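# Sequence first, predicted model second:
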6 protein chains.
Amino acid sequence: MPFIQVTMGAGRTPERKERLLRAAADAVEVPESSVRVWIVEPPAADVLVGGETLAEKQARAVG
Amino acid sequence: MPFIQVTMGAGRTPERKERLLRAAADAVEVPESSVRVWIVEPPAADVLVGGETLAEKQARAVG
Amino acid sequence: MPFIQVTMGAGRTPERKERLLRAAADAVEVPESSVRVWIVEPPAADVLVGGETLAEKQARAVG
Amino acid sequence: MPFIQVTMGAGRTPERKERLLRAAADAVEVPESSVRVWIVEPPAADVLVGGETLAEKQARAVG
Amino acid sequence: MPFIQVTMGAGRTPERKERLLRAAADAVEVPESSVRVWIVEPPAADVLVGGETLAEKQARAVG
Amino acid sequence: MPFIQVTMGAGRTPERKERLLRAAADAVEVPESSVRVWIVEPPAADVLVGGETLAEKQARAVG
């Protein structure tokens, strides 16, 4: 019955997110029928990591 | 002071979601003034249940 | 596939918590086989409501 | 390593949300490099507080 | 910056939980320095799956 | 109506946790009557940060 919530900055491709969902489900080592995984993606301006929002980090990386 | 978070696949009507919010609030058997309930709806492609994303399940149901 | 997390102050009896789990599951109006509900109970000193911890409220109620 | 999730009704300005993220990070009194804060904003119709959705409260406030 | 919360019934060994933490961190395909994973284990009586608490399931399995 | 969940390794003193609860409540800039904050403290062995559990970090710091 494990439930796994993955919170991360928006922007992964659908393929990468699907891979992530499956790998996270495998991580718990129970039959896949009993595992549930979901992704929550707050906008980059709504996440602060190390004193900087993800939006600032992205702007810096580009600029 | 209970807080209730309901996570589910997107797609319910507003009427059904409001009914759900009220029924969940009733479930905790305290004065309604002290209960808070909210719904989080990840996109169907971002939820894996039983080894399949909700998007895959929906495509199968339609197709 | 709804997942319901109920966060509330510790102290309910097992009977009341089981009733709560079932009522919350009913609230979402889907077959019970697909619903999951769990309760998280932080200690009363670790919850602040209206500027007061639950531990303070309880001490006041008793005192 | 604290992680802080702030759930609140949608509608704050970006400036206010950024201020909130920084103030919440300061609240835990550890080096800012190790703190992560994010905001989750369910739509106003998806939040029930005191027996009323935030959408109802807002309609009442305006009307 | 992904954060992964795994909620599951109590009872895994420390070795299995550590393996789970590492596998979940690998699942997101980013440098391990930026991933955080934690496990929340509500008591078996506080989780309802398919209309039955985990405590009931365990009693049935033993009995 | 903001709800703030702070997840962090166990071990703060009650005084520090209470200070944290109040500072987090102040961070959202709304009347304190409408804010709720709570702390979730998974055991140090159940949290992985940067490829190491908090229990390993603590053992290393002591050792």
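That came in fine, so what should we check first? Numbers count the residues shown, from 1 in each chain, chains lettered A, B, ... in the order given.
# Let me see the contact set for the closest residue to A:F3 other than its chain neighbours.
Once flanking residues are discounted, A:F3 sits nearest to E:T7: 4.6 Å by CB to CB, 6 or more residues apart in numbering or on different chains. All C-beta spots, glycine's among them, are computed from the backbone N, C-alpha and C. Going by CB atoms under 8 Å, 6 or more residues apart in numbering or on different chains, E:T7 touches A:P2, A:F3, A:I4, A:Q5, C:Q5, C:W38, E:I39, E:V40, E:E41, E:P42.
# Would you mind giving me the ChimeraX syntax to select the buried ones in those?
To isolate the buried members of these in ChimeraX, using 16 or more other CB atoms under 10 Å in any protein chain shown:
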select /A:2,3,4,5 /C:5,38 /E:39,40,41,42
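# phi, psi of A:A10?
Main-chain torsions, A:A10, degrees, to the nearest 10: phi -60, psi 160.
# and A:A24, what element?
helix A:14-27 (DSSP states H and E).
# Show me which parts of that helix are buried, residue by residue.
Within helix A:14-27, the residues that count as buried by 16+ other CB under 10 Å are A:K17, A:E18, A:L20, A:L21, A:R22, A:A23, A:A24, A:A25, A:D26, A:A27.
# Among those, which one sits closest to chain B?
Nearest to chain B among those, counting by CB to the nearest CB, is A:L21 at 4.0 Å.
# Next one: the residue most central in space within chain A from chain E, what distance?
In chain A, the centroid-proximal residue (CA atoms, centre = their mean) is A:M8; its distance is 3.7 Å. Separation of A:M8 from chain E (CB to the nearest CB, to the nearest Å) stands at 4 Å.
# The nearest residue to that residue once chain neighbours are set aside and C:E29, how far apart?
Excluding the flanking residues, the one nearest A:M8 by CB to CB, 6+ apart is E:P2, at 4.0 Å. E:P2 sits 33 Å away from C:E29, going by CB to CB, to the nearest Å.
# do A:L20 as well
30 Å.
# Look up phi and psi at A:G9.
Torsion angles, degrees, to the nearest 10, at A:G9: phi -60, psi 140.
# for the residue lying closest to it once chain neighbours are set aside, what are its contacts?
In this structure, A:G9 finds its nearest non-sequential neighbour in A:L54, 4.6 Å apart by CB to CB, 6+ apart. Shown in contact with A:L54 (CB under 8 Å, 6+ apart): A:G9, A:A44, A:A45, A:V47, E:M1.
# Please repeat the previous calculation with a cut-off of 10 Å.
A:L54 makes contact with A:8-11, A:42-48, D:38, E:1, according to CB atoms under 10 Å, 6 or more residues apart in numbering or on different chains.
# next one: A:P42
Contact analysis of A:P42 by CB under 10 Å, 6+ apart lists A:T7, A:M8, A:G9, A:A10, A:L54, D:Q5, D:V6, D:W38, D:I39, D:V40, D:E41.
# Let's see that with 7 Å instead.
Counting by CB atoms under 7 Å, 6 or more residues apart in numbering or on different chains, A:P42 touches D:W38, D:I39, D:V40.
# Okay, the residue nearest to the last one when sequence neighbours are not counted and F:R36: tell me how far apart.
Which is D:V40. Excluding the flanking residues, the one nearest D:V40 by CB to CB, 6+ apart is D:T7, at 4.7 Å. Using CB to CB, D:T7 is found at 10 Å from F:R36.
# Likewise for A:K57?
To F:R36, A:K57 is 30 Å away according to CB to CB.
# Neighbour count for those two, which is higher?
A side-by-side neighbour count of A:K57 and F:R36, using other CB atoms under 10 Å in any protein chain shown, places F:R36 first with 22 against 16.
# quick check, stretch A:29-39 touching chain D?
No - using CB under 7 Å from any CB of the partner chain, we find that stretch A:29-39 stays clear of chain D, coming within 12.8 Å at best.
# as a whole number, average confidence for that stretch?
The pLDDT scores in stretch A:29-39 average 91.
# Would you mark the buried spots in it?
Quick answer for stretch A:29-39 (16+ other CB under 10 Å): A:S34, A:V35, A:R36, A:V37, A:W38, A:I39.
# In TSV: the residues you listed, plus secondary structure.
Below are those laid out as TSV (DSSP: H, G, I helix; E, B strand; the rest coil):
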residue	secondary structure
A:S34	helix
A:V35	coil
A:R36	strand
A:V37	strand
A:W38	strand
A:I39	strand
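# Including distance to chain B, could the residues you listed go into JSON lines?
Below are these laid out as JSON lines (distance: CB to the nearest CB, whole Å):
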{"residue": "A:S34", "distance to chain B": "8"}
{"residue": "A:V35", "distance to chain B": "8"}
{"residue": "A:R36", "distance to chain B": "5"}
{"residue": "A:V37", "distance to chain B": "4"}
{"residue": "A:W38", "distance to chain B": "4"}
{"residue": "A:I39", "distance to chain B": "4"}
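# which residues does the residue nearest to the centre of chain A contact?
Contacts of A:M8 (CB under 7 Å, 6+ apart): A:I39, A:E41, E:M1, E:P2.
# Can you add secondary structure and give these back as JSON lines?
Shown next, in JSON lines, are these (three-state DSSP):
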{"residue": "A:I39", "secondary structure": "strand"}
{"residue": "A:E41", "secondary structure": "coil"}
{"residue": "E:M1", "secondary structure": "coil"}
{"residue": "E:P2", "secondary structure": "coil"}
